[in-house]
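>>> Below is the sequence, then the predicted model.
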Amino acid sequence: SFVKMAARSVSQDQAANLLHQYIQQLTIGCGQEGNAKHSTRCRLGLNANELPDCSDTNAIAALALRTVMQNRESLLCQPPHPSLSALTADQDQLAGANAIFSNAESLIQACQTSSCSLGVDIQASIGFFSQLDEGSTVTDSINSLVARMLQEPYDYSHRQRAQLVAILLFAPRMDEVDQDSCLVPRVGSLLSNLSPQEKAELVRTVAQADDARLLRLTQQIQQYITMRTLMESAMYEGQMQNNEPYFSVARDRQLRLAIRLLGLVRSATYIPQADVSSEIDTSPDTQTVSVPTSPERKTPLATVEDSTNMAVSGAVARIAATEFVNEAVTVSTMDPVRELLEWKDIDHTAGYGKPLIEEAPWLLELAYKAELFKVENKIAHMQARHSLSVAELFLHGREAAYLKVSVRRDQLVRDAILQLSLVANHEPERLMRPLRVEFVGEEGIDEGGVQKEFFQLLLEQLFNPSYAMFTLHSSTNLYWFTQVALEGAQDEFSLLGTILGVALFNNVILDLHFPMAVYKKLRGEDVNLDDLAEVDPALARGFQQLLEYDGDDIYSIFPYEFVVSYEAFGETRTEELCPDGSKRELSQDNKHEFVRLYVDWVLNTNPGARFEAFKKGFMAVMSKSDTMKLLSTSELQKLICGTEDLDFGALESVTKYQGGYSKESDVIQWFWEVVNGFTDDEKRDLLQFTTGTRRAPVGGLKSLRMIVAKQGGDSDRLPTSHTCFNALILPEYANKDKLEQLLRKAIQYSEGFGML
């Protein structure tokens, strides 16, 4: 109302600005104490006894209104705008805080800085907001002003929106449980239509907050997402709203805004707090060494991510990825079949934007993504069956819908290479059909067990030292590409990549021991010194010591040139890391370049063509999978290899019993007592015997459907298994000791696929 009254003599916008400046002068002053013409509180031409008390806000507002209506702009001091960093949350500074938060322009000006490209001092806002006490007059006043400021977010320019997000991210009501007063979706609305450059500047600015504050902010946004998801999904349960029988996060605007804000924070966690640029610092003081993946090493398996997700390549996240996963979103609103079909068919112009599984795959649990992948595989199988030609059906019948591989045990690798490479070169779409394996001269129908044995035996041979494809580092128990491979080994590497893809497509877990660098390179991510630490820990430790050494005598301590030497077939070979590398001595100025080039040689250059053959084989199967693009590097590794976290208590709770057994049966109780007494290695051996793998699937052992079935009464027969059905067959032994003795013997002697 004051603005409307003042606007009788000037425009409304000008009146609001003038009122703000006059109130500022009458409360916290113009800030020009060094100028004799001005006092700490500017008097607007008044005598000292006429100046209202600073706490009398009504009198100050009335005086400011009179001054505006009298057009007395000459009384304005045009002082420097007060900084938010100099303001405290005390009651006597309430008027000053009100002035700063009265409009977006004033708030941005109060946080102005030249130290970052976005132009706002995020530490000033963090410092001020951290002083506010819940329920205080100052806090309530600030909250009200901020809420009013965000009522019309589209009134601001794109740059102002980005600046306001950076300032207000740490405001008090970001953790407000009340859905109506929470600032999360309101601040999230400011992200709309920002350019990639503006978002990048915003991410770098937010990254200046410390890890604890970013974690707290993440938890606050997650709290809002969880609460709204549960509340809205409960309202939709059993109802039909807007002709939609289910609640969808993707169609809830408030949730979409909150998720985009969470994506912004997630991106900020990939930038070191001290680094406000997106470039990796290569100055002598920096100890981060990242090896960019060249364009030819990129792969279409890169994750689909929202444009706010601008993580720095090679950087390590400051907050665990699990902090950004929301179980409520996954459980309450997501149906794999429906979401996958909508994702593939959705019209992005329909008003909802990108599907959630494309915009924020990091929000969803890995177990859900695994289900998506299984659904995608089933759809591909159905499409393959419908697309069969008459000739295929006539020649092969129902088997035409499968990828059929027939191998000899004594020629396993050779037969697999010939058949799978032939399919990859001429009918690559067949690689995405369910696998059926036949061992020549052996009876048996492959219901899953035969293919598990096929993968196991094939991997054992390919990783055998006689093939000279990989080197095992005993300190990490991980394999890496040998520095020199046997001539003509490209086919074996391509086969291994294809095997990974086919196993993944058929939901078979492989007992692989690769470092994370392999999966990062499959996805086209950069590798760094941390990855080298998995491949060659001793070499990585040496490089870390080199980077930390700051003495002038560095060459005498580390007498290296820009070359790498290695053993190959009994002789020492040397390669230069750069042109004339043998003539370049190590120094303080070039040590980061030396380490970067050496890491690049170990992880990229040396395995070069062999890794490309390996990746080509993998992508021959997986390149058309949309679901694979949703996975992070660690998730891809877990989907291929399973997890090593073996909770046998969870397995016991989900195990089913057949043939007359129940969980109360003596044999079953003895069985679990024996298993719980096993060492970890013995438990893995039991898993291998029963399921064909030593690891748990995604979701842990609780997602494994194991069966224990009865076969006859007491006898001296060993327990047997059907790995295709994850079934253990136990006779009804007379006592616990006999059961343990024969079970251990069965596990010890089990090698290969034994038909019952």
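Looks like it came in fine. Residues are numbered from 1 along each chain as shown.
>>> what residue ranges in the stretch 51-200 of the chain score low on pLDDT?
71-82, 86-96, 134-138, 153, 175-181 (pLDDT under 70).
>>> can you pull out the helices in it?
For the stretch 51-200 of the chain, applying DSSP state H, counting those that start in this stretch gives helices covering 57-69, 94-100, 104-110, 122-129, 137-149, 158-168, 184-189, 196-206.
>>> Would you tell me which one of the ones you listed is buried the most?
The highest mean neighbour count among the helices of the stretch 51-200 of the chain, using mean count of other C-beta atoms under 10 Å, belongs to helix 184-189: a mean of 25. From N, CA and C alone the C-beta is placed, and that goes for glycine too.
>>> Mind giving me the packing neighbours of that one?
helix 158-168, helix 211-236, helix 253-268 (3 or more C-beta pairs under 8 Å, 6 or more residues apart in numbering; DSSP states H and E).
>>> nearest to residue 541, of the ones you listed?
helix 211-236 (25.3 Å; C-beta to C-beta).
>>> Using neighbour counts, pick out the buried residues of that closest one.
Of all the residues in helix 211-236, those buried under the rule 16 or more other C-beta atoms under 10 Å are 213-215, 217-218, 220-225, 228-229, 232-233, 236.
>>> Please identify which of those residues is nearest to residue 324.
Nearest to residue 324 among these, with distances taken as C-beta to C-beta, is residue 218, at 6.7 Å.
>>> OK, contacts around the closest one?
Residue 218 sits next to 262, 265-266, 269, 319, 323-324 when contact means C-beta atoms under 8 Å, 6 or more residues apart in numbering.
>>> from the chain's centre, how far out does the helix or strand containing residue 412 sit?
Per DSSP states H and E, residue 412 falls inside helix 412-426. Offset of helix 412-426 from its chain centre (C-alpha atoms, centre = their mean, to the nearest Å): 35 Å.
>>> packing partners for the next helix or strand after that helix?
Under the assignment DSSP H and E, the closest C-terminal helix or strand after helix 412-426 is strand 435-439. Counting by 3+ C-beta pairs under 8 Å, 6+ apart, the packing neighbours recorded for strand 435-439 are strand 403-407, helix 449-462.
>>> swap the cut-off to 10 Å and go again
strand 403-407, helix 449-462, helix 490-505 (3 or more C-beta pairs under 10 Å, 6 or more residues apart in numbering; DSSP states H and E).
>>> tell me what the longest one is packed against?
Identification of packing neighbours for helix 490-505 by 3+ C-beta pairs under 10 Å, 6+ apart yields helix 366-386, strand 403-407, helix 412-426, strand 435-439, helix 449-462, helix 516-522, helix 608-622, helix 633-641.
>>> before we move on, back to that, go through the contacts of residue 218 and name the one nearest residue 649.
residue 323 (26.1 Å).
>>> all helices in the stretch 601-750 of the chain, in order from the N-terminus.
608-622, 633-641, 648-654, 666-676, 680-691, 736-749.
>>> Go through these and name the closest to residue 256.
Nearest to residue 256, of these and by C-beta to C-beta, is helix 633-641 at 22.9 Å.
>>> Dump that closest one to CSV, keeping only the CA atoms.
C-alpha atoms of helix 633-641 as CSV (Å, rounded to 0.1, in the frame of the first residue of the first chain):
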residue,chain,number,x,y,z
THR,A,633,30.0,-46.8,-13.7
SER,A,634,29.8,-48.5,-10.3
GLU,A,635,26.2,-49.6,-11.1
LEU,A,636,27.4,-51.1,-14.4
GLN,A,637,30.1,-53.0,-12.5
LYS,A,638,27.5,-54.4,-10.0
LEU,A,639,25.1,-55.4,-12.7
ILE,A,640,27.8,-57.4,-14.5
CYS,A,641,29.5,-58.9,-11.4
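>>> picking that back up, so what secondary structure elements neighbour the helix holding residue 412?
Taking 3+ C-beta pairs under 10 Å, 6+ apart as the contact cut, helix 412-426 packs with strand 403-407, helix 449-462, helix 490-505, helix 608-622.
>>> got the buried residues for it?
412-413, 415-417, 419-421, 423-424.
>>> follow-up on the earlier one: tell me which of the helices of the stretch 51-200 of the chain approaches residue 567 most closely.
Closest among the helices of the stretch 51-200 of the chain, using C-beta to C-beta: helix 196-206, at 45.0 Å.
>>> re the thing from before, now the helices of the stretch 51-200 of the chain as JSON lines including distance to residue 452?
Compiled in JSON lines, the helices of the stretch 51-200 of the chain are given as follows (distance: least, C-beta to C-beta, whole Å):
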{"stretch": "helix 57-69", "distance to residue 452": "77"}
{"stretch": "helix 94-100", "distance to residue 452": "67"}
{"stretch": "helix 104-110", "distance to residue 452": "62"}
{"stretch": "helix 122-129", "distance to residue 452": "53"}
{"stretch": "helix 137-149", "distance to residue 452": "59"}
{"stretch": "helix 158-168", "distance to residue 452": "51"}
{"stretch": "helix 184-189", "distance to residue 452": "47"}
{"stretch": "helix 196-206", "distance to residue 452": "45"}
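>>> Mind listing what's buried along stretch 370-390?
370-373, 375-377, 380-381, 384.
>>> and the helix holding residue 412, C-alpha only, in CSV?
Extracted C-alpha coordinates of helix 412-426, given in CSV (Å, rounded to 0.1, in the frame of the first residue of the first chain):
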residue,chain,number,x,y,z
LEU,A,412,35.9,-74.0,-26.1
VAL,A,413,37.5,-70.6,-26.9
ARG,A,414,38.0,-71.4,-30.6
ASP,A,415,34.4,-72.5,-31.1
ALA,A,416,33.0,-69.6,-29.2
ILE,A,417,35.1,-67.1,-31.2
LEU,A,418,34.1,-68.6,-34.5
GLN,A,419,30.4,-68.7,-33.7
LEU,A,420,29.9,-65.4,-31.9
SER,A,421,32.1,-63.4,-34.2
LEU,A,422,30.1,-64.8,-37.2
VAL,A,423,26.9,-63.6,-35.5
ALA,A,424,28.4,-60.2,-34.6
ASN,A,425,29.5,-59.6,-38.1
HIS,A,426,26.5,-60.8,-40.0
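>>> Can you give me the distance of residue 164 to residue 132?
From residue 164 across to residue 132, the span is 18 Å (C-beta to C-beta, to the nearest Å).
>>> Repeat that for residue 210.
18 Å.
>>> nearest to residue 689, of the buried residues of helix 412-426?
residue 412 (21.4 Å).
>>> so the closest one sits right up against residue 467, yeah?
No: assessed by C-beta atoms under 10 Å, residue 412 is found out of contact with residue 467, at 12.0 Å.
>>> what residues do these two have in common as contacts?
residue 461 (C-beta atoms under 10 Å, 6 or more residues apart in numbering).
>>> Would it be right to say that residue 525 lies in a helix?
No: secondary structure of residue 525 (DSSP: H, G, I helix; E, B strand; the rest coil): coil, not part of a helix.
>>> Span of stretch 715-729 from start to end?
End-to-end distance of stretch 715-729 (C-alpha to C-alpha, to the nearest Å): 13 Å.
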